[in-house]
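A structural model of the following input is requested.
(3 chains)
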Amino acid sequence: MAHVPFEYGLYLAAALFLIGLVGVLVRRNLIFVLASIEIMLNAAGLAFVVAGSRWGHADGQIMFIFILSMAAAEVAVGLALALLFRRAFGSLDVDAASRMRG
Amino acid sequence: MTVVFYIAGAVALISTLLVITRRNTIHALLLLVISLLAVAVVFYTLGAPFVAALEVIVYAGAIVVLFLFTVMLLNVGRLAEGDEPGRLRGVHFLAPGILAGTLLVLLAIAIASGPSAQVGARAVGPTEVGAALYGPYAIGVELASTLLLAALIGARHLGQRQREAGFADAVSLAATPATTGPAGEPPAELAPVGAPTAGDETPPDAPGGDEPAPAEPSVRFWRKDGD
Amino acid sequence: MLHALFLVPLLPFAGFVVLALFGRRLSHTGVAVVGAGSVGLAALVAIAVSIDFIAHPPAGHAFDQALWTWFSVASLKVQVALYLDPLAICFILIVTCVGFLIHLYSVEHMGEDDGYARFFAYMNLFVGFMLVLVLADNLLLLYLGWEGVGLCSYLLIGFWFKHWYNGYAARKAFVVTRIGDTAMIVGLFLLFTQLGTLQIQPLMARAAAAWPQGSALAVAAALLLLGGAVGKSAQLPLQTWLPDAMAGPSPVSALIHAATMVTAGVYLIARTNVLFDLAPAARTTVAVIGAATLLYAGVSALFQVDLKRILAYSTVSQVGYMFLALGVGAWSAGVFMFITHAFFKALLFLSAGVVIDALEDEHDIFKMGGLRTRLPLAFWTFLIGAAALAALPVVTAGFYSKDLIIDRALQSTEGGVWLWTAALVGSLLTGLYAFRAVFVVFFGEAHSDPRLDFHAGWAVRLPLYVLAALAVIGGLIDIPRGWAHVQKLDDFLAPVLPPAPLRHGGLAGAVWTTFLPGVVALAGIGLAWLLYERRRQEAAEADTSAAARYFLGGWGFDVLYRYAFEVPYLWFAHVSRNDLFEPPVAGLARLIRAGWRGLSATQDGLVRRYLYVIGLGVGVGILLVVLR
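Purely as a prediction, here's the structure:
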């Protein structure tokens, strides 16, 4: 296997996570927001796998599986909501859904 | 292997950066696929082949595909509403970029402050993972499956075309007039009478939902007053 | 018989209670009987008590009747107790007898008024309080009576409350006398804290023992009490309320603002004469105030146009004479003046009431005229009153009392040539303005006619006759030196009021000075005749020159007070109408509201913004972890 200090894996995970965060903050299209959230989830999973492989256990991978299934569930529901969103607001601009204000 | 790790890592970073800056949705999603594949390679180099495969199959192969389907359904593509060209200019990346940069520095400090170690020497194969899944983590498996079920139901329900009575349509062909309503209805999958409309977008065939139909349904799953 | 003393104030109070509770249900006659009768009965009891006192004087020439304990707190025990001595006898006799005559007059004069029962109720209440004032054994009870008469004065001045001016005049009277009352209560505090008691006789004894002549405390206490007296007796500088108090009915003016309430200050000073003797500075102040006031009021009266205002300023002036007498140490002369003044001033007001009533509420003397033949009753009674006021020699009571004062002003060791001269000039002015009124109102061309249905019944005539008689013969109890040596009043009051310190020789001993007051009075009357009877043209209308208007307005005191006190106070009230504590409190509210708006603004419904904040929070969390 690769002989890298496992911190590098964590750095990579952190970087990917933060890129996803920036994506969520900047993009206003709902699809992109959801995609950026997926990036963030993926990065978190990467961090788990790195940790698991550092210790040589399967636990990291198992956590990744759970995260993965959760991400899948979330995407399913989220995209269904995206459809409803489009129907309700006419566009996919998340800033249009700001009625819960004040 | 070490080199592969670094290359895959770089590819992942670059492609993720490109994902969030593309205007065209399809391009962004395809770049996302590349990113996920790169991460899968990273997994492999870290000695986790099972999850590498899972990453490709589930993440890149199902989730992103789902995204693509939705994009095609909604005809988003080049139109990317809300993200008009004017809004994707550099200035909008400034504040989030500063925030991300600060967080990166902090995280790096946090990571670096711990003890250093090497990635484990051996690969952890599917057997071990499976044994752990059905052993100590069995409960997690059950919960995950329940979660997926809930997501499935929720997605199906949410994706329906709007109608006044909702699920009642499926049973309203023979429904009694007063008592039915969307709340407390049995899930559509179990509705005995009438064809359950599984698709999201199919229009209802029921004859004007709320009209009182005189006949009793042949099978009822709910209690009526007087029973 | 002396033990019936408590009935004297009780009867009028009982009358008040009956009229206040049942006044509306009683018939007209019933109200009159209760109202006038209670004071009449009180007068009878007072006369009986006085006869008993004079015939069998009790030990120490004083009778004390303790009724009950008002309150007892720490070292202060205040009783409701009545104290009768010669000074008190003079006052209660005048208050009840002259009061009864005025009540009798009001039975007819106020007969058609809607507030008939209310009027008598207030009048009875007033008489009750005045009697409490003069019979009080201690200063706190005296102050109770003091405040009570002030209240009744307010109620009665504003008796016709529906017209705004009457309410204003009542308030003005109350507020101005209040200033004096405040000085007085501070004086009471001072006396109590220094000497430990408020009972008058022990207080005087302790003061004489503890304070040397001219000590600062004595002067301070005396000046404070003087402040109260000045307010109640309408002397300078608190005299502005009395002319406006003429807004009340004529009987009210007669009783309260001529005969009794305004003399309460005189009573107070006479009562506490020991204290004033200990403070020569204060006593001189009394004399100076008296002299200044009598000149001030005399000049003002000369330019007045309203008949009752002439009499009001005249009252201020005559009370000034009383103060002058007290100030030079001629205590009993001051009391003598009080007695005769009560007679002729009440007479003047009551006959003025007849005139005003007959002319259907006309007050302007220049719209009267020629009433000598049309209202003979009013003419003769007013003439006798004016003569007594001007101190027409020999035949009027006023002559004896006023000349005694003028004499004492010169003779007393505390007096002097200046005070004597002031008194003489005042006497000239008195004759002048009194007979100006007589000539303008009763002589000359008639400008208004009395109403045809005017008829004065016996209830109006009897008091006028009695008072006229008293105004003539009432002075014979004290005849000045050089003529005969009758000093009945002086002797009677001697146990209470020390005789005036006299000096002999020099101007004081000159015999011709005894005739001067009489000559001056006659000169005043003659001058009035010249100006107002002879030179008809000038007498036909009021003088409208600037000087005349200045004196008409009481030498501008009202204007002065308005700019000195009212305007700054109102400005200050206006400026601080947002009270001092409001801006911080309101500012706090505004701050909180701004914070709310700020926080509300963060809830803008944009998920991305929320995420941003979450990101910041996470950053802070990591920072904390890193820093640990």
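
Give me the distance between the closest residue to residue C:303 other than its chain neighbours and residue C:23.
What sits nearest to residue C:303 in space, not counting adjacent residues and going by CB to CB, 6 or more residues apart in numbering or on different chains, is residue C:551, at 4.1 Å. For glycine as for every other residue, the C-beta is placed from the backbone atoms N, C-alpha and C. Distance from residue C:551 to residue C:23, counting by CB to CB, to the nearest Å: 42 Å.

try residue C:464
Taken as CB to CB, the span from residue C:464 to residue C:23 is 27 Å.

now residue C:492
Distance from residue C:492 to residue C:23, by CB to CB: 39 Å.

Around residue 52, count how many other residues there are.
No chain was given, so I picked chain A. For residue A:52, the neighbour count with other CB atoms under 10 Å in any protein chain shown is 24.

Chain C, not that one
18.

what secondary structure does residue 10 sit in?
All of this refers to chain A. Three-state call for residue A:10 (DSSP: H, G, I helix; E, B strand; the rest coil): helix.

please go with chain B instead
helix.

Which positions in the helix or strand where residue B:139 lies come out as buried?
Element membership for residue B:139 (DSSP states H and E) is helix B:138-158. Using 16 or more other CB atoms under 10 Å in any protein chain shown as the test for burial, helix B:138-158 gives B:140, B:144, B:147, B:151, B:155, B:156, B:158.

do that helix and chain A meet at all?
Yes: interface with chain A: helix B:138-158 contributes B:140, B:144, B:147, B:148, B:150, B:151, B:152, B:154, B:155, B:156, B:158 (CB under 8 Å from any CB of the partner chain).

What helices and strands are in contact with that helix?
Packed against helix B:138-158, as judged by 3 or more CB pairs under 8 Å, 6 or more residues apart in numbering or on different chains; DSSP states H and E, are the following elements: helix A:59-89, helix B:126-134.

Residue C:333: which of these is closest?
helix A:59-89 (105.5 Å; CB to CB).

Which positions within the closest one qualify as buried?
A:59-83, A:85-86, A:89.

Tell me how far it lies from the chain's centre.
9 Å (CA atoms, centre = their mean, to the nearest Å).

now do stretch C:244-252
12 Å.

cool, and stretch C:253-270?
Counting by CA atoms, centre = their mean, stretch C:253-270 comes out at 5 Å from the chain centroid.

element containing residue B:94?
Judged by DSSP H and E, residue B:94 forms part of helix B:94-112.

Can you spell out which helices and strands pack onto that helix?
helix A:6-26, helix C:607-627.

Tell me which of the ones you listed is the most buried.
helix A:6-26 (a mean of 23; mean count of other CB atoms under 10 Å in any protein chain shown).

Okay, now the unreliable bits of chain C?
Within chain C, the ranges that satisfy pLDDT under 70 run C:452, C:477-487, C:503-513, C:533-544, C:578.

again with chain B
B:77-89, B:162-227.

How about the residues of it by chain C?
B:95, B:96, B:99, B:100, B:102, B:103, B:106, B:107, B:109, B:110, B:113.

Could you rerun that using 7 Å?
Proximity of chain B to chain C (CB under 7 Å from any CB of the partner chain) is limited to residues B:99, B:102, B:103, B:106, B:107, B:109, B:110, B:113.

Next, count neighbours for the fifth one.
Residue B:107 has 22 neighbouring residues, counting by other CB under 10 Å.

Assumed residue C:605 was part of a strand.
No: using three-state DSSP, the secondary structure at residue C:605 is coil, not a strand.

Now it: phi and psi?
Per-residue torsions, residue C:605: phi 80, psi 0 (degrees, to the nearest 10).

list the contacts for the closest residue to it other than its chain neighbours?
Spatially, and ignoring its direct neighbours in sequence, residue C:605 is nearest to residue A:98 (3.0 Å; CB to CB, 6+ apart). By CB atoms under 7 Å, 6 or more residues apart in numbering or on different chains, residue A:98 lies in contact with C:604, C:605, C:606.

repeat for residue C:220
residue C:190.

Residue A:42 too?
A:16, B:36, B:39, B:59.

again, 8 Å this time
Neighbouring residues of residue A:42 by CB atoms under 8 Å, 6 or more residues apart in numbering or on different chains: A:16, A:20, A:71, B:35, B:36, B:39, B:55, B:59.

returning to what we had before: format the helices and strands packed on helix B:138-158 as a markdown table; extra columns: distance to residue C:530.
Shown next, in a markdown table, are those (distance: least, CB to CB, whole Å):
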| stretch | distance to residue C:530 |
| --- | --- |
| helix A:59-89 | 108 |
| helix B:126-134 | 137 |
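
so which of the ones you listed comes closest to residue C:614?
Nearest to residue C:614, of the helices and strands packed on helix B:138-158 and by CB to CB, is helix A:59-89 at 17.1 Å.

quick revisit: and the residues of chain B next to chain C, which of them are buried?
Burial by neighbour count, judged by 16+ other CB under 10 Å, picks out B:99, B:102, B:103, B:106, B:107 from those.
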